[in-house]
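Visitor: Just need the structure, nothing else, for what follows:
(chains A and B, ligands or ions: 2)
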Amino acid sequence: MIYREAGQFKTSYAADQAIFPILQDRIAVAIMMVVALVVIPMFGSDYFLEIIMINVLFFSLAAIGLNLLTGYTGQISLGTGGFMAVGAVSSYKMAILFPDLNIILIFLLSGLFAAAVGILFGLPSLRIKGFYLAVATLAAQFFLDWLFLRVDWFTNASTAIEGVPRSLFGVTITGPAATPVAKYYVALGFVLVFALIAKNLVRSQVGRAWMAIRDMDIAAEIIGIRPLRTKLLAFAISSFYCGIAGSLMLFLFYDSAEPDLFDINLSFKVLFMIIIGGLGSILGSFLGAAFIVTIPVILTNAPDLLGLPISSELAKHLEFMIFGALIIFFLIVEPHGLARLWQIAKEKLRQWPFPY
Amino acid sequence: MTTSTRRIGDTLLKLEDISLSFGGVKALTNISFEIKEHEILAIIGPNGAGKSSMLNVINGFYHPQEGRITFRGQVRRQMRPYDAARQGIARTFQNIALFKGMSTLDNIMTGRLLKMKRNFLWQALYWGPALKEELEHRKVVERVIDFLEIQAIRKTPVGRLPYGLQKRVELGRALAAEPDLLLLDEPMAGMNVEEKEDMCRFILDVNDEFGTTIALIEHDMSVVMDISDRVVVLDYGRKIADGPPEEVRRNKDVIDAYLGVSHEEMAAE
Ligand SMILES: Nc1ncnc2c1ncn2[C@@H]1O[C@H](COP(=O)(O)OP(=O)(O)OP(=O)(O)O)[C@@H](O)[C@H]1O
Ligand SMILES: [Mg+2]
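Guide: Numbers count the residues shown, from 1 in each chain, chains lettered A, B, ... in the order given. Ligands and ions are numbered 1, 2, ... in the order given. Here you go, the predicted model:
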């Protein structure tokens, strides 16, 4: 009886439309906020903040982006890495070209660049679907890889792009000199704002139009949805998220990276996150990102702690095997991923201890 | 049977010499008829007669090779389904076309899509005018839900609902659009007597309360006789009768078509 909605009668549609209609959920979210905003930055080690939290955060943003496109709109994309590259490269270029431009603005603009590229590569989605669309987005990925590797201008003729040091309110927040705590707060700020925006979109008419296209595009057209426009908006917003995620990845984590960091493997990694976390779920995007970021860390550290000698090579193999098995499991058994398992657990809790 | 308060008005939709074929298959041949404002028109005919194709032509889903369609006095050509929706034509399908992953409420909310004006930037905020709009339309949708008596399944994903209820939700989505012309493709197929009675009541009420013009396809003759003002009969893609129900029922060609006599004769030719 810990988790119940009984007795919480909704007296208006406004209350029913609230983002977390159940009181216990609101309390849980408030606690998580305190943990994320205060506890983690105060007590988390630098290692924990950098290797786990910042990683989880920018990957969550990318996963939300891909989930809007694939989970909500039903358009499969393997171009995530490419769109993240557009974000990273464009914010690097802007930071170099305009030394006085605010870094937050640079990140937002990099999202717009990625959105424009996303729209361009989303155009084929009017004619092609499913597997063929996946192949078309794969072509986008390879083209962008090639472009950033071969055209010197993007990398200023060096082999790597850099997270240029910048500060905000007098605090250095990007580049090697920035503290993990500062970087963590920047990542957290972006993720909180854009997760909320994503949640708002999917519970509005835009989101319903996306899901209508996903569930039955013919019927969607009959109620007045313009398929191309709706899909392109999904491509644009999705790529916007991925672009910012790419910028954060470069500026808050790697500091310096070769463009091929944003290759097809990255696309697959984000795709696995939303499959394991849950297609068509914002919460699932977080769960998937957290899962895929932490498993390798656990696999490399746990054996040592337990006194089991495992070579790093074996840990890597184990990682692949676990991911492979999980992806097959979720694709076949539970396409709604961890998010759905969490929901089922909540439903069980709602009835406990008196199932009926 | 006609309803007391309702008055049948001018021509809303006019079809002239519509012909539609798929490769060699002629689905519709030289069909002409009118749909008048506020009437309930039934389209009947044996399987494969071209009834569904007729509705598909009306809402721009199929494009006839020949003929002319005039809607509200305007001739239209090669219209896309979303344009038809914009002009006030809503429909349901023979094989339910709901959004399976979405709840009843969300499905019906999609029917309000064309009425909602705030763009995605407002919706991203879910605040102020966007929230106000969302709540206003939610209210309209709740009225549709009350009207169709489906309050209990408001939050259920429609994929999990039984067939009869899915048909009802699909009608709800079409009604939410407040259409001028409502096309229903076999709204009562696969329903038991009780469900059929409910559905008939909904159709008559919609027509009566909102003056919505309705064109429906139905196989159950007793239903057709009960609720329609006029009946158009198709057979092998041709129109063989058009008139009030009692007249059509006595029509020799119609009786033949349903008994299959004319088919054998045609085959013999
Ligand atoms: N998309 C299509 N492609 C090819 N042929 C089609 C298509 N749609 C309809 N037809 C053909 O057109 C003819 C009329 O079909 P239609 O579905 O309109 O009949 P109907 O009167 O609705 O039949 P039913 O009572 O079985 O629903 C049939 O011969 C059918 O095979
Ligand atoms: Mg049919």
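Visitor: What separation do you get for whatever residue of the stretch 1-150 of chain A ends up closest to ligand 2 and A:Thr137?
Guide: Going by CB to the ion, ligand 2 is nearest to A:Lys129 of the stretch 1-150 of chain A, at 25.3 Å. For every residue, glycine as well, the C-beta is placed using N, CA and C. Separation of A:Lys129 from A:Thr137 (CB to CB, to the nearest Å) stands at 12 Å.
Visitor: out of the two, which sits in the more crowded spot?
Guide: A:Thr137 (26 against 14; other CB atoms under 10 Å in any protein chain shown).
Visitor: Let me know the pLDDT of residue 179.
Guide: No chain in the question, so chain A it is. Looking at A:Thr179, its pLDDT stands at 88.
Visitor: Correction: the question concerned chain B.
Guide: 95.
Visitor: just checking, it is part of a strand?
Guide: No - if the criterion is DSSP: H, G, I helix; E, B strand; the rest coil, then B:Pro179 is coil and not within a strand.
Visitor: does A:Ala115 belong to a helix or a strand, and which?
Guide: helix A:103-122 (DSSP states H and E).
Visitor: Counting by contacts, list what that helix packs against.
Guide: Secondary-structure packing of helix A:103-122 (3 or more CB pairs under 8 Å, 6 or more residues apart in numbering or on different chains; DSSP states H and E): helix A:80-97, helix A:130-150, strand A:167-168, helix A:227-248.
Visitor: Next, the angle from it to helix A:227-248.
Guide: 140 degrees (axes from the mean of the first three to the mean of the last three CA atoms, to 10 degrees).
Visitor: Now do the phi/psi pair for the closest residue to chain B within the stretch 1-150 of chain A.
Guide: Chain B sits closest to A:Tyr13 of the stretch 1-150 of chain A, with a gap of 4.8 Å, by CB to the nearest CB. Per-residue torsions, A:Tyr13: phi -70, psi -30 (degrees, to the nearest 10).
Visitor: Tell me how far the helix holding A:Ala115 lies from the chain's centre.
Guide: Between the centre of helix A:103-122 and the centre of its chain there are 15 Å (CA atoms, centre = their mean, to the nearest Å).
Visitor: Could you do stretch B:207-226 as well?
Guide: Using CA atoms, centre = their mean, the offset of stretch B:207-226 from its chain centre is 9 Å.
Visitor: First-to-last residue distance for that stretch?
Guide: Using CA to CA, to the nearest Å, one end of stretch B:207-226 lies 14 Å from the other.
Visitor: Pull out the buried residues from that stretch.
Guide: For stretch B:207-226, a neighbour-count test (16 or more other CB atoms under 10 Å in any protein chain shown) marks B:Asn207, B:Thr212, B:Thr213, B:Ile214, B:Ala215, B:Leu216, B:Ile217, B:Glu218, B:Asp220, B:Val223, B:Val224 as buried.
Visitor: Buried ones in stretch B:33-44, by neighbour count?
Guide: B:Phe33, B:Glu34, B:Ile35, B:Lys36, B:Glu37, B:His38, B:Glu39, B:Ile40, B:Leu41, B:Ala42, B:Ile43, B:Ile44.
Visitor: Now pLDDT, secondary structure and distance to B:Pro245 too, for those, in CSV please.
Guide: Below are the buried residues of stretch B:33-44 laid out as CSV (pLDDT from 0 to 100; DSSP: H, G, I helix; E, B strand; the rest coil; distance: CB to CB, whole Å):
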residue, pLDDT, secondary structure, distance to B:Pro245
B:Phe33, 95, strand, 15
B:Glu34, 94, strand, 17
B:Ile35, 95, strand, 16
B:Lys36, 95, strand, 15
B:Glu37, 94, coil, 19
B:His38, 94, coil, 17
B:Glu39, 95, coil, 12
B:Ile40, 96, strand, 10
B:Leu41, 96, strand, 11
B:Ala42, 95, strand, 8
B:Ile43, 95, strand, 13
B:Ile44, 93, strand, 10
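Visitor: which among these gets closest to ligand 2?
Guide: Closest approach to ligand 2 among the buried residues of stretch B:33-44 (CB to the ion): B:Ile43, at 9.5 Å.
Visitor: Roughly how far does that closest one sit from A:Pro259?
Guide: In terms of CB to CB, B:Ile43 sits 61 Å off from A:Pro259.
Visitor: Within range of chain A, give me the residues from the stretch 151-269 of chain B.
Guide: B:Arg173, B:Ala177 (CB under 8 Å from any CB of the partner chain).
Visitor: that older thread, quick check: the two most widely separated of the buried residues of stretch B:33-44?
Guide: Farthest pair in the buried residues of stretch B:33-44 (CB to CB) is B:Glu37 and B:Ile44. Separation: 21.5 Å.
Visitor: circling back to that earlier point, tell me the one of the buried residues of stretch B:207-226 nearest chain A?
Guide: Closest approach to chain A among the buried residues of stretch B:207-226 (CB to the nearest CB): B:Ala215, at 14.9 Å.
Visitor: where does the residue of the stretch 51-200 of chain A found nearest ligand 1 land on pLDDT?
Guide: Here the residue of the stretch 51-200 of chain A nearest ligand 1 is A:Lys129; by CB to the nearest ligand atom that distance is 17.9 Å. In this model, A:Lys129 is scored at 85, pLDDT.
Visitor: now do A:Glu5
Guide: 58.
Visitor: same check, this time on B:Met1
Guide: pLDDT, B:Met1: 45.
Visitor: and residue 29, what element?
Guide: All of this is about chain A. Counting by DSSP H and E, A:Val29 is found in helix A:23-34.
Visitor: try chain B instead
Guide: Here B:Thr29 is assigned to strand B:25-36, by DSSP H and E.
Visitor: quick one: strands adjacent to that strand?
Guide: In the sheet containing strand B:25-36, its partner strands are strand B:11-22 (antiparallel), by DSSP bridges.
Visitor: Could you list the buried residues of the partner strand?
Guide: For strand B:11-22, by 16+ other CB under 10 Å, it's B:Leu12, B:Leu13, B:Lys14, B:Leu15, B:Ile18, B:Ser19, B:Leu20.
Visitor: Nearest residue to the residue minimising distance to the centre of chain B in space, please, no chain neighbours.
Guide: Geometric centre of chain B, nearest residue: B:Leu183, 1.4 Å, by CA atoms, centre = their mean. Spatial nearest neighbour of B:Leu183, excluding adjacent residues (CB to CB, 6 or more residues apart in numbering or on different chains): B:Arg91 at 3.8 Å.
Visitor: where in chain A is pLDDT low?
Guide: Scanning chain A for pLDDT under 70 picks out A:1-11, A:350-356.
Visitor: What parts of it come near chain B?
Guide: Checking chain A against chain B by CB under 8 Å from any CB, the hits are A:13-14, A:17, A:19, A:197, A:200-201, A:203-209, A:211-212, A:214-216, A:218-226, A:233, A:237, A:280.
Visitor: so of the residues you listed, which ones are in helices?
Guide: A:13-14, A:197, A:200-201, A:205-209, A:211-212, A:214-215, A:218-222, A:233, A:237 (DSSP state H).
Visitor: Check the residues you listed for burial and list the buried ones.
Guide: A:13, A:197, A:200-201, A:205-209, A:211-212, A:214-215, A:219-222, A:233, A:237.
Visitor: Go ahead and confirm A:Ala198 touches A:Ala62.
Guide: No - taking contacts as CB atoms under 8 Å, A:Ala198 lies outside contact range of A:Ala62: 11.9 Å.
Visitor: Of these two, which one has the most company?
Guide: Neighbours of A:Ala198 and A:Ala62, each counted by other CB under 10 Å, are more numerous for A:Ala62; the result is 31 against 23.
Visitor: Relative to B:Ala257, how far out is the residue nearest to the more buried one when sequence neighbours are not counted?
Guide: Take A:Ala62 and drop its neighbours on the chain: the residue closest to it by CB to CB, 6+ apart is A:Ala245, 3.7 Å away. Remark: distance between A:Ala245 and B:Ala257 (CB to CB) = 63 Å.
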